[in-house]
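# Model the following, please.
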Amino acid sequence: AFCRGRIVRVPRGPLIRVVGTEVAIPCSVSDYDGPSEQNFDWEFSRDTDFVRIVSTWDSTFTSEEYQKRVGRGDIKLRRSSNDAVELVIRNIQPADQGRYKCSTPSTDATVQGNYDAEVQVKVISDGLSVSGSKARSSTSLRLSEGDSFKLRCSAVTTSPEHTHLHVTWQVKSGSSWQDILSLTHEGKFQPGPGYEERYRSGDIRLDTGANDTYRLSVSQASSADGGAYRCLVGEWVRGADGSWQKIQEKSVEIATVSIQRTDVVISTSNVSVTERDSLDLTCNITTDRSGIFQAEVMWYFSASPDDTLSDAQLLLSMDHDSVVSDSTLISLSHVDRNSYRLLVRDVDVEDSGYYFCEAAIWVPLHNGSWHKVVERTSAPVSVVVTALEPDYDVFLNASKTPKFSDDPTELSCRITNVQDTEANIRFTVSWYYRQHLPGDDAVTEELLATMDADWTLVPGDRGRERIQNGEIIFSKKAADTFSLRIQWTSESDRGDYFCVISAWSRHRNNSWVKSKDVASASVNIFWATQDYTLTVEAVKLKPFFVAGHTFEMTCKVSSKNIKTPRYSVLITAEKPLTDQSNPNGTTRIISLNQDSVVRLEDWTDQTRVDGVVLEKVQENEFRYRMYQTQISDAGLYRCVVTAWSPGGGGMWREAVNGLSNPIQIDFQTSGPVFNVSVHSDSPTIYQGEVADLLCIVTTEGMPLEPDDMSFDVSWFAVRSFALDREPVLLASLDRRGIVTQSRRNGSSDLSLERISPLEFRLRVHGCEDHDFGNHYCVVTPWVRSATGVWQREPDIKAKPIFLSVKMDVLNAFKYPLLIGIGLATVIGLLSCLIGYCSSRWCCKKEVQETRRERRRLMSMEMD
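Below you'll find the model as predicted:
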């Protein structure tokens, strides 16, 4: 296994070759040193001495007796790679039988391995003979498509060696030969490329017979089977290494076979017929078959010329027994031996398409049964059926046109000058709308509604909801008249309208197909309009009044270009920006709609639910009253009026809006001025403690008795260091002493109380960390006037104070530390007790100590 050296190889001998054939003896070298391209020398010996034949590197190497054959090229070297060559001998003779030696000159650093190899070549006589049929008529065959034929050849060998024959049948339809079927030297059948399926089905067979004959049988011949046929026979012998080697090959041409193709064509090309006429097509079968045969014909229809038979519709068929399938309007007849006629009566538009026929040839067998030999399909023929279109005109007129918005509109679409119509024709209508666009903008047509062949109405996208609600009505007043009615025409309905009358024809299967469309001229629906105008004037009835009195103003409305208008009124108030109840500034107070229904809008003063009244004095005049006015009612008051005009279906349509001039309510008073502040003795507290916050009210100016003052107090908190979050309501105390608390998530609690006429205290019990933040109070003062009426003053907001909640570290860790130290002490004592008991009773051992004698030590000097 560790040895390595040059190895020269030739095939194992003896090599058996046939006289007169070409012989190639390979020689290769491996495991060598030096250059990759190696040189070779060939020598020959009949007995003992070797004669030099040819060399790859020395032109003078050839001996004298081989110089002529080498010069003519009868003997030559053919290099297949850098380390392999072949010795080629053309037309080998018995004198060439002997031993051949292949040598390689050394290119190795050291001599290792073998540098030559020998092979024995044995030349035998040619004993192979191949011949065809002796009958002269078999050299040329003329057959019809679907026929069967047989070809024979004879092959025999008289070789002295044990050889096998390899027989192959080939056909030549072009420039090259193609294998059909082979019987190999190993006794196996091998079909050629493209003949596997026919071999498996039994259409192609190879049989052996007496006198060394080989018979090729072909059934169901097609046009591709035409050409020249030959029998190719190779002689094979098994070599010394067990492999098979082909030693010679011979062939003989047997016959030339021509196949007459069977074609199926339709006699006519593209056909155009008129509706209600008959369609006549003929299918012709072209064949030179003279024997007994029957044809099977099937007619197909397809909407596309590219459809396959599986996608096409079978119209009618006739089998080889001349039995025709049943059909009412389609007939199939046998005109002559090779022609079959298809007749379609009373054609219609649906019969337009492509027609083609499929024909199959059947021949009788010896047992009386029929066998299909060929099948063909014709090219499709285009058939166009021209519809019988009726002739008619369409006229559209407007029987009712609107003068104002919401007036009705009615259009009539009539069919006139009807000609060439039958009982199988019906008419339907489609209505379209076209909007006028300014400039060069494209005009788009919108479908309003259409009718199908069953007179079923199909609404379009435009006005679908109005059609379903009955605002747009489509009807058929007579057989030739269709109408469109818009119950209440709006400005968006202005534009052009036209109708399209469709004619429908009934086919044989009672289905309806549209045959023609005729559009009418358009009718323009338009009326002149003017812009709506609305004027609203507010008047203050009492120029001077004081708080507690009744405020009263009227709103007078005038309009133009509005048909029978009605008005809805809304009273609004613009409060000063300092009013905390309405930071947006505008408040909707009360409204009265066009049906005189009053509604309170944003009026939230529950003590004065009936304190505002809005009533209709005349058709265009409205009066607003506000009883027991408060100082907080100061502001600008307006009337917002909306004009409504009658719409379709008893509905009201908004026309235009108007805003009145402002009426100001301003109270001139010299009453007290209130100030609010927040105070806390301990703004920083620990968790669990109580936080006290005081809301202190101070007055300036005219002094008041405590019984003439009352306050609504609300406490708010902003949970952030900066005032960048929404305030949260904590609790409130109204002037009647009722406390209201908001819902809380934590465990802390709140209390709100009045500790003096001008001081209010908020307490947070058991403070938690989420109770921190900016806290402030909002105070609403109430002052009793000289008439005994309580007046509400504007809300006053105090400056916030920040409440900080800290954690008591000592109290937080006191109990955990005591518990931890106690548990550690108990566990330590328990561990000591367990260890003592274990060493005392559980792990005690008796140890016997060896007694040691007490001797005096010896001094080192004596040792």
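# going forward, measure contacts and count neighbours with C-alpha atoms only.
Fine.
# tell me the domain boundaries of this structure?
Using the TED database, the domains assigned to the chain come out as 6-124, 128-260, 264-386, 391-525, 533-665, 673-808.
# quick one: the third one to chain centroid distance?
The offset between the C-alpha centroid of domain 264-386 and the centroid of the whole chain comes to 44 Å, using CA atoms, centre = their mean, to the nearest Å.
# cool, and the fourth one?
Centroid separation between domain 391-525 and its chain, computed with CA atoms, centre = their mean, is 40 Å.
# same check, this time on the last one
Between the mean C-alpha point of domain 673-808 and the mean C-alpha point of its chain there is a distance of 64 Å (CA atoms, centre = their mean).
# Helices of the protein, start to end?
For the chain, the helices defined by DSSP state H cover 67-72, 196-201, 464-468, 809-837.
# Turn those into JSON lines, columns for mean pLDDT, mean neighbour count and distance to Val429.
Shown next, in JSON lines, are these (pLDDT from 0 to 100; neighbours: other CA atoms under 10 Å; distance: least, CA to CA, whole Å):
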{"stretch": "helix 67-72", "mean pLDDT": "90", "mean neighbour count": "13", "distance to Val429": "99"}
{"stretch": "helix 196-201", "mean pLDDT": "90", "mean neighbour count": "13", "distance to Val429": "62"}
{"stretch": "helix 464-468", "mean pLDDT": "86", "mean neighbour count": "14", "distance to Val429": "16"}
{"stretch": "helix 809-837", "mean pLDDT": "85", "mean neighbour count": "11", "distance to Val429": "90"}
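# any weak-confidence spans in the stretch 101-250 of the chain?
Scanning the stretch 101-250 of the chain for pLDDT under 70 picks out 134-138.
# quick one on the thing from earlier: what's the closest of the helices of the chain to Thr286?
helix 196-201 (25.5 Å; CA to CA).
# For Ser748, give me its contacts.
By CA atoms under 8 Å, 6 or more residues apart in numbering, the contact list for Ser748 reads Val764, His765, Gly766, Cys767, Glu768.
# my guess is the fourth one meets Thr684, correct?
No. Cys767 is beyond contact range of Thr684, at 10.9 Å (criterion: CA atoms under 8 Å).
# what sits in contact with each of these two?
Shared contacts of Cys767 and Thr684, defined by CA under 8 Å, 6+ apart, comprise Val805.
# Endpoints of stretch 754-763, how far apart?
Start-to-end span of stretch 754-763 (CA to CA, to the nearest Å) is 12 Å.
# Next, the buried residues of that stretch.
Buried positions in stretch 754-763, judged by neighbour count with 16 or more other CA atoms under 10 Å: Leu758, Glu759, Phe760, Arg761, Leu762, Arg763.
# now stretch 127-145
Of all the residues in stretch 127-145, those buried under the rule 16+ other CA under 10 Å are Leu128, Val130, Ser131, Gly132, Ser133, Ser138, Thr139, Leu143, Ser144, Glu145.
# Please list the members of the residues you listed that lie in strands.
Leu128, Val130, Ser131, Gly132, Leu143, Ser144 (DSSP state E).
# Same list, the residues you listed, but as a markdown table with distance to Arg566 please.
Shown next, in a markdown table, are those (distance: CA to CA, whole Å):
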| residue | distance to Arg566 |
| --- | --- |
| Leu128 | 124 |
| Val130 | 120 |
| Ser131 | 120 |
| Gly132 | 118 |
| Leu143 | 103 |
| Ser144 | 99 |
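# and of these, the nearest to Asp207?
Once CA to CA is applied, the member of these that ends up nearest Asp207 is Gly132, at 14.9 Å.
# any idea how far the closest one is from Ser511?
Counting by CA to CA, the gap from Gly132 to Ser511 is 70 Å.
# Distance to Ser831 added to the domains of the chain, as TSV?
Below are those laid out as TSV (distance: least, CA to CA, whole Å):
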stretch	distance to Ser831
domain 6-124	84
domain 128-260	91
domain 264-386	95
domain 391-525	91
domain 533-665	72
domain 673-808	35
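# Could you say which one of those domains comes nearest to Tyr836?
Of all the domains of the chain, it is domain 673-808 that lies closest to Tyr836, at 43.3 Å by CA to CA.
# any low-confidence regions in the stretch 251-400 of the chain?
264, 269, 290-291, 366.
# That should have said the stretch 501-650 of the chain, apologies.
508, 544-546, 577-584, 648-650.
# The same query, at a cut-off of 50, please.
580 (pLDDT under 50).
# ok, Ser591 touching Tyr567?
No. Counting by CA under 8 Å, Tyr567 is not a contact partner of Ser591; they are 11.0 Å apart.
# check contacts around Ser36.
Contacts of Ser36 (CA under 8 Å, 6+ apart): Asn82, Asp83.
# what's the pLDDT at it?
Predicted confidence (pLDDT) for Ser36: 86.
# ok, it to Ile259 distance?
Computed as CA to CA, the Ser36 to Ile259 distance reads 58 Å.
# Equivalent analysis for Thr328, please.
Applying CA to CA, the value for Thr328 to Ile259 is 41 Å.
# So which of the two has more stuff around it?
A direct count of neighbours by other CA atoms under 10 Å for Thr328 and Ile259 places Ile259 higher, at 19 against 7.
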